[in-house]
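Peer 1: no sequence on this one, just coordinates:
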Ligand code: SF4
Ligand code: SF4
């Protein structure tokens, strides 16, 4: 390695050193508390509107009912899901698997094209942290400077009041969020029962609410940005999901470098537009310097775009030194005259993901369109051919399995239609073994029944029969199967 290459290598290693550790962890492994400056600007205002809208949807959805049932329910404990008013149960596991795979492929495709837009604009963690809890913190403790001062100040009644009231409000909101999330799992009616009935009647439910509240309180009051940088797998996958054409929040190093403090007498020649004001770092809720390039800590909150645009306005330079852009669109002005603006580019990778997603969604739509509310399986009981019955009759035993995917209880009756090989019906009898059949809502029932036919009508060893399943007068399903009889001797 010659001296220049070695120097360049050392420079690169030095420049990339920030990737070896999290911005919020000190060299000796301790937590660095982040005090981001209050964000403001056009992107922040737009995010407030989007966040308010999404929070409203999140809070109101559990109250929406369709025919007396929740519009959305994710009852993992009982493996019961209601999506847009349609009930899905364990029997729809295959649909769930295809839907999950489709969502994963969609996320991969969306990230490859648009980066982590979801994190900044729609992720519940970011919305609650930045738009609810952080705003309350600013309201009670002031902007970042005041928060630092308060932290360093000795304990007085005033400091105690601020800290205590903030934590109380945080816990109250965490309690509210936990109730909302629980209502998605157990339903709003059940949640109201837990809240209104004596506590002793719903100890399990109350325990769940307290545990959820504790977790949310801990995450938003203490754990904060670490949920994105340490726990969230989506952030950690950015290295493989993004490429140089993905649109991310990026610092335009072509325009910004070489950076240095601005001195009027030097003018703008032989320097970049970045004036080393550090405002982009001051506002960052994850404590990073976006000028170092894409980092796993960046949650695409847009605060640095607003902060830098504000500075650019003040120093009369064009906005967008930090902006939504792909790395290629930033570097190409030099190579191909691109204007450096974010452009939607359909790369080969994106085409591949889109093709896969199209196939998955098509399969899912076909399966959903053909999904029936009531499924029946009728099989002749294994190991039994036929049984001789009095009055020259013969019988077969059948196993019956029925699944009711609706919200209603369904009483059913079975009717038999046996046919000769020439299509004429023959007289027969169907006898249930056991009680009348009533299938509970989202229930599943196993039963057995006998079909008895006159021997002299059975010309062949196998006779086709139809079993019609009725609920009241309504035919809900017709199943075709076969009936086995002894072979007729030649002289019979
Ligand atoms: S806010 Fe803009 S000008 Fe200031 S340090 Fe960051 S990138 Fe440079
Ligand atoms: S780098 Fe910018 S967009 Fe990313 S988290 Fe920090 S402030 Fe938000």
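Peer 2: Alright, I've got the coordinates. What you see is a predicted model; the values in this text were computed from it and never measured. Ligands and ions are numbered 1, 2, ... in the order given.
Peer 1: Name the nearest residue to residue 109, sequence neighbours excluded.
Peer 2: residue 353 (3.8 Å; CB to CB, 6 or more residues apart in numbering). For the C-beta atoms, the positions are set from N, CA and C on the backbone; glycine is no exception.
Peer 1: From residue 121, how far out is the one you found?
Peer 2: 21 Å (CB to CB, to the nearest Å).
Peer 1: Next: residue 315.
Peer 2: Distance from residue 315 to residue 121, by CB to CB: 29 Å.
Peer 1: For my notes, confirm residue 200 occurs in a strand.
Peer 2: No: secondary structure assignment (DSSP: H, G, I helix; E, B strand; the rest coil) places residue 200 in helix, not in a strand.
Peer 1: Could you list the low-pLDDT ranges of the stretch 51-200 of the chain?
Peer 2: Applying pLDDT under 70 to the stretch 51-200 of the chain flags no residue at all.
Peer 1: Tell me if stretch 42-62 is near ligand 2.
Peer 2: No: Stretch 42-62 is not in contact with ligand 2 by CB under 6 Å from any ligand atom; minimum separation 9.2 Å.
Peer 1: For the residue nearest to residue 322 when sequence neighbours are not counted, give me its contacts.
Peer 2: Among residues not flanking residue 322 along the chain, residue 308 sits closest, at 4.3 Å (CB to CB, 6+ apart). Residue 308 is in contact with 279, 280, 319, 321, 322, counting by CB atoms under 8 Å, 6 or more residues apart in numbering.
Peer 1: Could you tell me which of those residues are located in strands?
Peer 2: Among those, the ones falling in strands (DSSP state E) are residue 322.
Peer 1: ok, and which of the contacts of residue 308 reach ligand 1?
Peer 2: Among the contacts of residue 308, ligand 1 is touched by 279, 280, 321, 322 when using CB under 6 Å from any ligand atom.
Peer 1: Looking at these, which is nearest residue 270?
Peer 2: residue 321 (17.3 Å; CB to CB).
Peer 1: Spell out which parts of the chain neighbour ligand 2.
Peer 2: 249, 283-286, 288, 290, 298-304.
Peer 1: Can I get those residues in JSON lines including distance to residue 264 and secondary structure?
Peer 2: Listed next are the residues of the chain next to ligand 2 as JSON lines, based on distance: CB to CB, whole Å; DSSP: H, G, I helix; E, B strand; the rest coil:
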{"residue": "249", "distance to residue 264": "30", "secondary structure": "strand"}
{"residue": "283", "distance to residue 264": "26", "secondary structure": "coil"}
{"residue": "284", "distance to residue 264": "28", "secondary structure": "coil"}
{"residue": "285", "distance to residue 264": "33", "secondary structure": "coil"}
{"residue": "286", "distance to residue 264": "34", "secondary structure": "coil"}
{"residue": "288", "distance to residue 264": "30", "secondary structure": "coil"}
{"residue": "290", "distance to residue 264": "26", "secondary structure": "helix"}
{"residue": "298", "distance to residue 264": "33", "secondary structure": "coil"}
{"residue": "299", "distance to residue 264": "36", "secondary structure": "coil"}
{"residue": "300", "distance to residue 264": "35", "secondary structure": "coil"}
{"residue": "301", "distance to residue 264": "33", "secondary structure": "coil"}
{"residue": "302", "distance to residue 264": "30", "secondary structure": "coil"}
{"residue": "303", "distance to residue 264": "28", "secondary structure": "helix"}
{"residue": "304", "distance to residue 264": "25", "secondary structure": "helix"}
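Peer 1: of those residues, buried ones?
Peer 2: 249, 283-286, 288, 290, 298-304 (16 or more other CB atoms under 10 Å).
Peer 1: Dump those residues into a markdown table; add pLDDT and distance to residue 412 as well.
Peer 2: Converted to a markdown table, those look like this (pLDDT from 0 to 100; distance: CB to CB, whole Å):
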| residue | pLDDT | distance to residue 412 |
| --- | --- | --- |
| 249 | 93 | 59 |
| 283 | 95 | 64 |
| 284 | 95 | 63 |
| 285 | 93 | 58 |
| 286 | 91 | 59 |
| 288 | 91 | 63 |
| 290 | 92 | 64 |
| 298 | 91 | 58 |
| 299 | 92 | 54 |
| 300 | 93 | 54 |
| 301 | 93 | 56 |
| 302 | 95 | 58 |
| 303 | 95 | 61 |
| 304 | 96 | 64 |
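Peer 1: Buried members of the contacts of residue 308 into PyMOL, please.
Peer 2: To isolate the buried ones among the contacts of residue 308 in PyMOL, judged by 16+ other CB under 10 Å, type:
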select buried, resi 279+280+321+322
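Peer 1: list the buried ones in the strand or helix carrying the residue nearest to residue 322?
Peer 2: Secondary structure from DSSP states H and E places residue 308 in helix 303-314. Neighbour-count burial for helix 303-314, counted by 16+ other CB under 10 Å, picks out 303, 304, 305, 306, 307, 308, 309, 310, 311, 312.
Peer 1: I figured the second one hits residue 286, correct?
Peer 2: What it means is residue 304. No: taking CB atoms under 8 Å as the definition, residue 304 is not a contact partner of residue 286, at 10.4 Å.
Peer 1: mind listing the strands for the stretch 251-400 of the chain?
Peer 2: 322-325, 374-380, 387-389, 393-404 (DSSP state E, counting those that start in this stretch).
Peer 1: Quick check, central residue of this protein?
Peer 2: residue 103 (7.7 Å; CA atoms, centre = their mean).
Peer 1: Next one: it from residue 448, what distance?
Peer 2: Noted for residue 103: a distance of 41 Å to residue 448, by CB to CB.
Peer 1: swap in residue 68?
Peer 2: Applying CB to CB to residue 68 and residue 448 gives a distance of 34 Å.
Peer 1: With residue 217 instead?
Peer 2: 55 Å.
Peer 1: Can you tell me which residues in the stretch 151-300 of the chain are near ligand 1?
Peer 2: Residues of the stretch 151-300 of the chain lying near ligand 1 (CB under 6 Å from any ligand atom): 251, 256, 274, 275, 276, 277, 278, 279, 280, 291.
Peer 1: Can you check the pLDDT for the residue lying closest to the last one once chain neighbours are set aside?
Peer 2: Just to be clear, that refers to residue 291. Nearest non-adjacent residue to residue 291, counting by CB to CB, 6+ apart: residue 251, 4.5 Å away. On pLDDT, residue 251 comes in at 93.
Peer 1: can you check the one 4 residues further on too?
Peer 2: At residue 255, the predicted lDDT confidence score is 90.
Peer 1: number of nearby residues for it?
Peer 2: Look at residue 255: counted by other CB atoms under 10 Å, it has 16 neighbours.
Peer 1: Contact residues of the stretch 301-450 of the chain facing ligand 1?
Peer 2: 307, 308, 311, 321, 322.
Peer 1: show me what contacts the first one?
Peer 2: Remark: with contacts taken as CB under 8 Å, 6+ apart, residue 307 is in contact with 37, 39, 41, 279, 280, 282, 283.
Peer 1: I'd say the third one and residue 312 touch.
Peer 2: Spelled out, it's residue 41. No: the criterion here is CB under 8 Å, and residue 41 misses it with residue 312 at 11.3 Å.
Peer 1: Would you agree residue 219 is in contact with residue 228?
Peer 2: No: assessed by CB under 8 Å, residue 219 is found out of contact with residue 228, at 10.6 Å.
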